[in-house]
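# Provided below are the primary sequence and the corresponding predicted coordinates.
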Amino acid sequence: MSHKPRVRFAPSPTGSLHLGGARTAIYNWAFARSCGGSFILRIDDTDPERSTPENIAQIMRALAWLGLDWDEGPSFQTERAGIYTAALKTLSERGWAYRCFCSPAELAARRDAARGRGGFSGYDRSCRALTEEEAQARADAGEPFAWRLKVPDDRGPVVFEDAVRGRTEFPLDAIDDFVLVRSDGTPTYNFASIVDDADMAITHVIRGDDHLSNTPKQILVLEGLRAPVPTFAHLSMIWGPDGKKLSKRHGSTGVEEYAGQGYLPEALLNYLALLGWSLDGETTLIDAETLKSRFSLDRISKNPAIFDFAKLTWMNGVYLREMPVERFTQLMAERLQQAGLADEADFEVRRAWYLKLAPLVSERIKLMTEIVPLVRFLFVESVEPDETAQTKVLGKDPDLVRRALRAALEALENVLEAEWDTAHIEAALADLPAKVDAKPRLAYQPLRVAVAGSVVSPPLNESMELLGRARTLARIRALS
RNA sequence: GGCCCGUUCGUCUAGCGGUUUAGGACACCGCCCUCUCAAGGCGGAGGUCACGGGUUCGAAUCCCGUACGGGCUACCA
């Protein structure tokens, strides 16, 4: 029975969507799309202490921002309690589960002792010795108990073919009689997760590497349930630049933080998709459509990857530059409005002006947060030269600065308002270096400082055109 | 401690027994372009394929061991 593949992304809402989770989601989504399967969103909220509605909303928002769409869900484990009790009942009836009355303190003591002796340190299985009558009597007496899986001990290892790692096997004597259902009646992750997968007819479980050791336990549950075993694909971890677990120390770890910092969803999607998967040896830029059609499990890398912020940023710059001007202009306008430098009305009336500015900006930034600092001078009445401008230009050769500004002012005053455009401005200033007897860069930098207040800006002539004649002349006069 | 997984330029990766003097991308360096910064073009440096044994006419590619790193070993997920 080879139906269409069904995969799921099942985050536990104990925090926001982080980079590793996002990549897992992307791989599940891309795999589903590549083979016409279904991508299901499931919220694994079996830990009521740490699961919050805010986190759930945040995760869904982040997924949507990345451009991932799901076909079913979200469904919540807390709303599916019935299927876990039913599964437990089946397991116990078939002799695959038993009650454990050991207290946490006893358990910890025995575990420490076992570890001290070396060898296996899982549950010592003492409650397996209880007869059904004894167990029932103690339960009836009100003694708390948890349900544990009865790992078979009369056969070979659990073997499965991992889509990423290949054949993987675990000897049975190394598998713990883990807790299925806690004494408060709630299912544990290892139980609920796989019961859900079976119930939802998941065909491929694509998840983080940290679950590899859990897999044999889950397969055993499936065997007890006589449910089909899905294909597993375990993804290696994403590490920080120091080779340690990715954390706040390294920078942002949450998807939404990237959105706030001016990263584009297509850039993050592209970067994450290729962090641990490759189309071939050449491709570094890949769009969602290609991902949806060409993704495959067999090209997922086995080794962990270090997250490279510099490469992500470079990639973001590429997407910014390749973006249609209309869209960039829109994004730029939004940034300016957020900064309080312009309003919606201004954008409506001066659309052509914004459109002219956009390409000048997009080709020199990598992050959208760089927009405002770069064009701020065009939206304020006057500018004050910054520190670098003071020391590197104004203070360097005051005499040359004065001469250059005077000559420029004289030349520009001859450019009429009606012909105030880049071409005329350029023509008017063409012989400025000769007039002040200086190299072009030395002759023009004072002008840039006067106009933009900085040693870095969009091209000078274009900047002056966009600033307008009156303000340009006023700023040059102010400094000369 | 036990079980499991991983190891190709600083980083992401290609490579799946000979086509490899190990290819691409980011970062880095130099040159060109140039009114600044970028972008772009050209070029460079950077890997004894973790290490040691095998197998083979031949190994980054197959096998074993060692080292290092990681995961699991919770009534967390």
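Sure, I can see it. If you're wondering where the values come from, they're calculated on a predicted model, not measured in any experiment.

# Quick check: pLDDT value at the nearest residue to residue A:25 once chain neighbours are set aside.
Computed as Cβ to Cβ, 6 or more residues apart in numbering, the closest residue to residue A:25 that is not its neighbour in sequence is residue A:9, at 4.3 Å. To be clear about C-beta, it is placed using only N, CA and C from the backbone, and glycine gets the same treatment. In this model, residue A:9 is scored at 97, pLDDT.

# now swap in residue A:2 and tell me
55.

# So which residues of the stretch 201-350 of chain A form helices?
Taking DSSP state H, counting those that start in this stretch, the helices of the stretch 201-350 of chain A run over residues A:215-225, A:255-260, A:265-273, A:288-294, A:309-322, A:325-338, A:344-349.

# Let me have those helices in JSON lines, extended by distance to RNA strand B and mean pLDDT.
Below are these laid out as JSON lines (distance: least, Cβ to the nearest atom of the strand, whole Å; pLDDT from 0 to 100):
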{"stretch": "helix A:215-225", "distance to RNA strand B": "8", "mean pLDDT": "97"}
{"stretch": "helix A:255-260", "distance to RNA strand B": "16", "mean pLDDT": "94"}
{"stretch": "helix A:265-273", "distance to RNA strand B": "8", "mean pLDDT": "98"}
{"stretch": "helix A:288-294", "distance to RNA strand B": "13", "mean pLDDT": "97"}
{"stretch": "helix A:309-322", "distance to RNA strand B": "3", "mean pLDDT": "97"}
{"stretch": "helix A:325-338", "distance to RNA strand B": "14", "mean pLDDT": "97"}
{"stretch": "helix A:344-349", "distance to RNA strand B": "24", "mean pLDDT": "96"}
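
# which of the ones you listed sits most buried?
Burial of the helices of the stretch 201-350 of chain A is given as mean neighbour count (mean count of other Cβ atoms under 10 Å); helix A:265-273 ranks first at a mean of 23.

# Residue A:33: what's it in contact with?
Contacts of residue A:33 were listed using Cβ atoms under 8 Å, 6 or more residues apart in numbering, and they are A:39, A:291, A:292, A:293, A:295.

# Sorry, slip of the keys, the one I care about is residue A:118.
Here residue A:118 is in contact with no residues (criterion: Cβ under 8 Å, 6+ apart).

# Next to RNA strand B, which bits of the stretch 351-480 of chain A? Give me the list.
Residues of the stretch 351-480 of chain A lying close to RNA strand B (Cβ under 7 Å from any atom of the strand) are A:363-365, A:426, A:440-441, A:444-445, A:448, A:455-462.

# sorry, back to before: redo the contacts of residue A:33 as TSV? Include distance to residue A:401.
Shown next, in TSV, are the contacts of residue A:33 (distance: Cβ to Cβ, whole Å):
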residue	distance to residue A:401
A:39	62
A:291	53
A:292	57
A:293	58
A:295	58
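
# between these, which is closest to residue A:303?
residue A:295 (18.9 Å; Cβ to Cβ).

# Which residues are in contact with the closest one?
Taking Cβ under 8 Å, 6+ apart as the test, what residue A:295 contacts is A:27, A:30, A:31, A:33, A:34, A:273, A:277.

# for residue A:401, same thing?
So residue A:401 contacts A:393, A:394, A:446, A:479 (Cβ under 8 Å, 6+ apart).

# follow-up on the earlier one: tell me, how many residues neighbour the residue nearest to residue A:25?
For residue A:9, the tally of surrounding residues (other Cβ atoms under 10 Å) stands at 28.

# Surely it and residue A:24 touch.
Yes. Judged on Cβ atoms under 8 Å, residue A:9 makes contact with residue A:24 at a distance of 6.4 Å.

# quick one: what helix or strand has residue A:75 in it?
With elements taken from DSSP states H and E, the one containing residue A:75 is strand A:72-76.

# Give me the buried stretch members for that strand, please.
Buried positions in strand A:72-76, judged by neighbour count with 16 or more other Cβ atoms under 10 Å: A:73, A:74, A:75.

# Next: stretch A:339-358.
For stretch A:339-358, the neighbour count (16+ other Cβ under 10 Å) marks A:342, A:346, A:347, A:353, A:354, A:356, A:357, A:358 as buried.

# again with stretch A:363-371
By neighbour count with 16+ other Cβ under 10 Å, stretch A:363-371 contains the buried residues A:364, A:365, A:366, A:367, A:368, A:370, A:371.

# quick one: which two of those residues are the most distant?
Maximum distance among the buried residues of stretch A:363-371 (Cβ to Cβ): 12.6 Å, for A:364 and A:368.

# So what's the residue count around the residue of the stretch 201-350 of chain A found nearest RNA strand B?
The stretch 201-350 of chain A approaches RNA strand B most closely through residue A:281 (2.7 Å), counting by Cβ to the nearest atom of the strand. By other Cβ under 10 Å, 5 other residues sit near residue A:281.

# picking up where we left off before, how about CSV for the contacts of residue A:401, with neighbour count added?
Below are the contacts of residue A:401 laid out as CSV (neighbours: other Cβ atoms under 10 Å):
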residue, neighbour count
A:393, 23
A:394, 17
A:446, 29
A:479, 18
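
# which ones among those are found in helices?
Applying DSSP state H to the contacts of residue A:401, the entries found in helices are A:446, A:479.

# I'd like the contacts of residue A:401 as a markdown table, with pLDDT and distance to residue A:57 appended.
Below are the contacts of residue A:401 laid out as a markdown table (pLDDT from 0 to 100; distance: Cβ to Cβ, whole Å):
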| residue | pLDDT | distance to residue A:57 |
| --- | --- | --- |
| A:393 | 89 | 50 |
| A:394 | 90 | 51 |
| A:446 | 96 | 53 |
| A:479 | 90 | 52 |
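
# out of the contacts of residue A:401, which one sits closest to residue A:404?
Distances from residue A:404 to those, taken by Cβ to Cβ, are shortest for residue A:446, at 4.6 Å.

# What's the local residue count around the nearest residue to residue A:288 once chain neighbours are set aside?
Nearest residue to residue A:288, sequence neighbours excluded (Cβ to Cβ, 6+ apart): residue A:67, at 5.6 Å. By other Cβ under 10 Å, the residues close to residue A:67 number 16.

# Tell me where the model's unsure across the stretch 101-250 of chain A.
Filtered on pLDDT under 70, the stretch 101-250 of chain A yields no residues whatsoever.

# ok, 90 please
Low-confidence segments of the stretch 101-250 of chain A (pLDDT under 90): A:115-121, A:153-156, A:241-250.

# Could you do the stretch 301-450 of chain A as well?
Checking the stretch 301-450 of chain A against pLDDT under 90 turns up A:393, A:395-396.

# residue ranges for the strands of it, please.
Using DSSP state E, counting those that start in this stretch, the strands of the stretch 301-450 of chain A run over A:305-306.

# So what touches the helix or strand where residue A:476 lies?
According to DSSP H and E, residue A:476 maps onto helix A:469-479. The contact list for helix A:469-479, computed with Cβ under 8 Å, 6+ apart, reads A:381-383, A:385, A:394, A:401, A:405, A:408-409, A:412-413, A:415, A:417, A:420, A:446-447, A:449-451, A:464, A:467.

# Quick one, which of those are buried?
Buried subset of these (neighbour count, 16+ other Cβ under 10 Å): A:383, A:385, A:394, A:401, A:405, A:408-409, A:412, A:415, A:420, A:446-447, A:449-451, A:464, A:467.

# need the contact list for residue A:18.
Per Cβ under 8 Å, 6+ apart, neighbours of residue A:18: A:246, A:253, A:254, A:255.
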